[in-house]
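Visitor: give me a 3D structure for the following:
(2 chains)
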Protein chains: 2
Amino acid sequence: MQTVAIVGAGLIGGSFALALRRAGFSGGIVGVSSPPAIETALRLGVIDRGVTLAEACAAAELIYLAGPIHKIINVIPQLDSLVKPGALVTDAGSTKSRICAAGALLKNAQFLGGHPMAGKESRGAASAEATLFQGRPYLLTPNTLAELETPAAREFVEWVTAIGAEPRVLSPELHDRVVAHSSHLPQLLSTTLAATLGAHPDSYAIAAAAGPGLLDSTRLAMSSWEIWNDIVDTNRAEIAGALADYEERLRTLRLTLETGSVEETFRAGDEFARRLRDGE
Amino acid sequence: MQTVAIVGAGLIGGSFALALRRAGFSGGIVGVSSPPAIETALRLGVIDRGVTLAEACAAAELIYLAGPIHKIINVIPQLDSLVKPGALVTDAGSTKSRICAAGALLKNAQFLGGHPMAGKESRGAASAEATLFQGRPYLLTPNTLAELETPAAREFVEWVTAIGAEPRVLSPELHDRVVAHSSHLPQLLSTTLAATLGAHPDSYAIAAAAGPGLLDSTRLAMSSWEIWNDIVDTNRAEIAGALADYEERLRTLRLTLETGSVEETFRAGDEFARRLRDGE
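Guide: Here you go, the predicted structure:
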């Protein structure tokens, strides 16, 4: 690929651009974003030029959609009349079923859904880092496995590997069930914890007694609602299922601890938490 | 005070000793612990001498009990026949009602319960740090406020301040209700999250998709069961109440998100999470 278009030059899109450069990509990187985002991205050398969506599509062999989910879903149909033949459209949205369904309707470009499991609290191109994806899973969600075998898809996966991420393939539906548990459930547990404590009559004393564990446990609660509104809206059923599963286990734990030992749950939790870190 | 006895020279007891030294305490610091713990504490200069409990009590004006909760509860009655007149016995146990009830029975020494809100994943004197308590709340739980007005208590609180901690006073009962929410609830949510995901049919895919949020959310799940067994055992009713409160809010969140917006909970969680960090 000669030219990459980043549509949504924020934290993720900007980090992908910086990571490509660091991995040796020497082609052009153009950005499509709001004027202030383009200004920041240009100033920090994240992109070479700010362009319109039509200009981006006329130039790019890879179109990287990195905005909020609903923006991605809305922009995909616009691409069909703009893209170059053989171009690959990919995205970094946090839920995949609805995005990949929209992508499957493209006739003049190939679509391949993606989701880098990386992020941080701050947003925008000013927070972008070339190393953001290093050692992190990069989930790829083709509608069919054949989508991974085109030249454009192979080249994209090579770049994903080159930036230090770890490509993992799963269907859009499995993706959404998996992230409902691995990402959306932890987010909602943290949000509910912080909301519960904030509404408690002893809220002031609870805040005054906060130790490092509570700070860790409420970090996700500061995530942007703008982003989570879209995530919740496009994955309601899977999230509700994950919450119901969790509620049942929490209730069982409570009933167990009222009279007995919760050691078994501690051991199981410890084992999974360590397994998560085995690859680190 | 001339001599301090650390009973249980592990992470917390050892850090208190190192913090005293750093704050200018020039008296003696003796330790009562298992032979390997004493060996480590001596080698790292955490204590001056390893002694028996009787020797420690014969020498010390401040007796700092820093072992597991049940060990603290068991050792308190033994102190009565050993302590010097005017000595202060304090502790660093994570629950306070049962410990302070045991302390109230001491006739020959004053007891003042305490709980530094500090810690880390690793344990033992080898992990002790002189700065562990810096900027952290140090909860003091007198049975009556008059307990804070004795010369020994005043001097102890001065040292707590000198090591950089922030003394906060609350009753043992309020303490246990507060930490049930600020500490025990986050612990059990993390444990239950990790246990739930470990038992999920897609457990492997969930682990493969883990991002930084899931790592943060499962860190507490690796806490030592040895410590938590005692905490759960001495605070069952408050913990069960906190869990029931949380379950109800989580259920409400789930029912809300199935059809509508959970923005209000996000805003409330965000507000409390930021309030927690205001003092940082």
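Visitor: how about the helix or strand harbouring residue A:17: buried residues?
Guide: Residue A:17 belongs to helix A:11-22 when assigned by DSSP states H and E. Within helix A:11-22, the residues that count as buried by 16 or more other CB atoms under 10 Å in any protein chain shown are A:11, A:12, A:13, A:14, A:15, A:16, A:17, A:18, A:19, A:20, A:21. Any C-beta I mention is one placed from the backbone N, CA and C, and that applies to glycine too.
Visitor: right, and residue A:167 touches residue A:161 too?
Guide: Yes - counting by CB atoms under 8 Å, residue A:161 is a contact partner of residue A:167 at 6.3 Å.
Visitor: more neighbours, those two?
Guide: Of the pair residue A:167 and residue A:161, residue A:167 is the one with more neighbours under other CB atoms under 10 Å in any protein chain shown, namely 16 against 13.
Visitor: export only the CA atoms of the helix or strand containing that one, formatted as CSV.
Guide: In the assignment (DSSP H and E), residue A:167 maps to strand A:166-169. Output of strand A:166-169 as CSV, limited to C-alpha atoms (Å, rounded to 0.1, in the frame of the first residue of the first chain):
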residue,chain,number,x,y,z
GLU,A,166,-1.1,-9.8,18.1
PRO,A,167,-3.7,-10.5,15.5
ARG,A,168,-6.5,-12.9,16.6
VAL,A,169,-9.4,-13.9,14.4
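Visitor: what's it packed up against?
Guide: Here strand A:166-169 touches strand A:137-141, helix A:151-162, going by 3 or more CB pairs under 8 Å, 6 or more residues apart in numbering or on different chains; DSSP states H and E.
Visitor: rounded mean pLDDT for it, please.
Guide: Mean per-residue pLDDT for strand A:166-169: 96.
Visitor: buried stuff in it?
Guide: So for strand A:166-169, counting by 16+ other CB under 10 Å, buried means A:166, A:167, A:168.
Visitor: show me which residues of the stretch 1-150 of chain A are close to chain B?
Guide: Residues of the stretch 1-150 of chain A lying near chain B by CB under 8 Å from any CB of the partner chain: A:117, A:118, A:119, A:120, A:136, A:137, A:139.
Visitor: need the buried ones from those selected in ChimeraX.
Guide: Entered in ChimeraX, the line below selects the buried ones among these, by 16+ other CB under 10 Å:
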select /A:117,118,119,136,137,139
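Visitor: looking at the residues of the stretch 1-150 of chain A next to chain B, which is nearest chain B?
Guide: residue A:117 (3.7 Å; CB to the nearest CB).
Visitor: what pLDDT is listed against that closest one?
Guide: 93.
Visitor: ok, it - contacts?
Guide: Going by CB atoms under 8 Å, 6 or more residues apart in numbering or on different chains, residue A:117 touches A:136, A:137, A:138, A:139, A:183, B:209, B:210, B:211.
Visitor: and those residues as JSON lines, adding pLDDT and distance to residue A:39?
Guide: Converted to JSON lines, the contacts of residue A:117 look like this (pLDDT from 0 to 100; distance: CB to CB, whole Å):
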{"residue": "A:136", "pLDDT": "94", "distance to residue A:39": "28"}
{"residue": "A:137", "pLDDT": "93", "distance to residue A:39": "32"}
{"residue": "A:138", "pLDDT": "97", "distance to residue A:39": "28"}
{"residue": "A:139", "pLDDT": "97", "distance to residue A:39": "31"}
{"residue": "A:183", "pLDDT": "96", "distance to residue A:39": "31"}
{"residue": "B:209", "pLDDT": "91", "distance to residue A:39": "34"}
{"residue": "B:210", "pLDDT": "91", "distance to residue A:39": "35"}
{"residue": "B:211", "pLDDT": "88", "distance to residue A:39": "29"}
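Visitor: tell me if I'm right that residue A:277 and residue B:215 touch.
Guide: Yes - contact criterion CB under 8 Å: residue A:277 and residue B:215 qualify, at 7.2 Å.
Visitor: show me what counts as buried in stretch A:34-49.
Guide: Result for stretch A:34-49 [16+ other CB under 10 Å]: buried residues A:37, A:38, A:40, A:41, A:42, A:44, A:46, A:47, A:48.
Visitor: which one of these is nearest to chain B?
Guide: residue A:46 (21.4 Å).
Visitor: pick out the residue closest to the middle of chain A.
Guide: residue A:94 (4.0 Å; CA atoms, centre = their mean).
Visitor: how about that residue, secondary structure?
Guide: Using DSSP: H, G, I helix; E, B strand; the rest coil, the structure places residue A:94 in coil.
Visitor: which residues touch it?
Guide: A:69, A:115, A:179, A:183, A:227, A:230, A:231.
Visitor: return the most buried member of the helices and strands packed on strand A:166-169.
Guide: Stretch with highest mean neighbour count among the helices and strands packed on strand A:166-169: strand A:137-141 (a mean of 24; mean count of other CB atoms under 10 Å in any protein chain shown).
Visitor: quick one: strands adjacent to that one?
Guide: Take DSSP bridges as the rule and strand A:137-141 pairs in its sheet with strand A:110-116 (antiparallel), strand A:166-169 (parallel).
Visitor: let's test this: mean pLDDT of the longest helix seen in chain A, rounded?
Guide: The residue-count maximum for a helix in chain A (DSSP state H) belongs to helix A:236-259. For helix A:236-259, the mean pLDDT works out to 96.
Visitor: could you give the average pLDDT over the next helix or strand after it?
Guide: Following helix A:236-259 in sequence order, the next helix or strand is helix A:263-278 (DSSP H and E). Averaging pLDDT along helix A:263-278 yields 95.
Visitor: buried sites along helix A:263-278?
Guide: Buried, per 16+ other CB under 10 Å, within helix A:263-278: A:265, A:266, A:268, A:269, A:270, A:272, A:273, A:275, A:276.
Visitor: what of stretch A:107-120?
Guide: Quick answer for stretch A:107-120 (16+ other CB under 10 Å): A:109, A:110, A:111, A:112, A:113, A:114, A:115, A:116, A:117, A:118, A:119.
Visitor: any chance of these in TSV, plus distance to residue A:86?
Guide: Listed next are the buried residues of stretch A:107-120 as TSV, based on distance: CB to CB, whole Å:
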residue	distance to residue A:86
A:109	8
A:110	8
A:111	13
A:112	13
A:113	18
A:114	18
A:115	24
A:116	24
A:117	29
A:118	28
A:119	31
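Visitor: nearest to residue A:100, of these?
Guide: Proximity of those to residue A:100 (CB to CB) peaks at residue A:113, which lies at 4.4 Å.
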